[in-house]
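1. with the input below, show me the fold.
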Amino acid sequence: MKRELSVYQFAGFVFTTVFGSLFHFVYDWTNQSILVAPFSAVNESTWEHMKLLFFPSFVFALIQSRYFSEYKNFWCVKLAGIVIGLLIIPALFYTYNGAIGKSPDWINIVIFFIAAAIEFFIEYLLFKNEIFGCKYPKIAFLLICLIGVPFVVFTFATPAIPLFRDPVTGIYGIVS
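-> Numbers count the residues shown, from 1 in each chain. Sure thing, here's the model as predicted:
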């Protein structure tokens with residue numbers, strides 16, 4: 001298993017970027033279905049792009065956990081990777097936009113891919129080096145689940161702060 005670690009982590013990167021990219025469009029493809037809104041991008045805000053990283057990463061972690069029983073730190077590593085990936089998106093987006101101004105769409109796509117790559121690379125290092133202990137894997141799993149709650153809630157009850165503002169329309173949350 002340990003030698004296949006890089007293959008699993010690369011598969012996670014591919015899974016996350018493919019499904020994250022697809023779910024960027026699913027809300028519109030389904031005629032703005034309220035059923036897919038919590039898990040797909042409903043606008044172009046930074047928050048919605050973070051959602052596109054979170055849900056595929058979480059689903060892949062659920063799948064991967066069935067094959068990673070030898071890693072007692074699995075959920076703690078996944079928690080660290082997901083949190084780092086989620087933090088990278090706004091950090092890069094706001095740093096770039098603060099320095100340059102408005103970013104073209106392709107830069108936002110690159111930021112998403114960079115965040116996913118760093119997420120899975122950090123996880124790879126933590127799994128490989130086994131330096132990241134985990135006393136409470138069930139709590140780590142619960143924390144990952146709790147991270148998903150605001151993505152669902154804020155889809156419908158969106159705070160009026162810049163992280164949630166669609167730079168294209170200037171609207172927060174779902175456009176009615």
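
2. roughly how far does Leu142 sit from Phe154?
-> 19 Å (C-beta to C-beta, to the nearest Å). All C-beta spots, glycine's among them, are computed from the backbone N, C-alpha and C.

3. I should have written Thr95 there, sorry.
-> Distance from Thr95 to Phe154, by C-beta to C-beta: 23 Å.

4. and His24, by the same measure?
-> 17 Å.

5. any low-confidence regions in the chain?
-> Counting by pLDDT under 70, the chain shows low-confidence ranges at 1-3, 98, 175-176.

6. and the longest helix seen in the chain, what other elements does it pack with?
-> Longest helix of the chain, by residue count under DSSP state H: helix 74-100. Using 3 or more C-beta pairs under 8 Å, 6 or more residues apart in numbering; DSSP states H and E as the contact test, the elements touching helix 74-100 are helix 46-65, helix 105-129, helix 137-156.

7. tell me which of these sits most buried.
-> helix 46-65 (a mean of 21; mean count of other C-beta atoms under 10 Å).

8. quick check: angle from it to helix 105-129?
-> Angle between the axes of helix 46-65 and helix 105-129 is 30 degrees (criterion: axes from the mean of the first three to the mean of the last three C-alpha atoms, to 10 degrees).

9. which helices and strands sit right next to helix 46-65?
-> When contacts are defined as 3+ C-beta pairs under 8 Å, 6+ apart, helix 46-65 sits against helix 5-22, helix 74-100, helix 105-129, helix 137-156.

10. I'd like the ones you listed laid out as JSON lines, including distance to Ile34.
-> Shown next, in JSON lines, are those (distance: least, C-beta to C-beta, whole Å):
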{"stretch": "helix 5-22", "distance to Ile34": "19"}
{"stretch": "helix 74-100", "distance to Ile34": "24"}
{"stretch": "helix 105-129", "distance to Ile34": "24"}
{"stretch": "helix 137-156", "distance to Ile34": "9"}
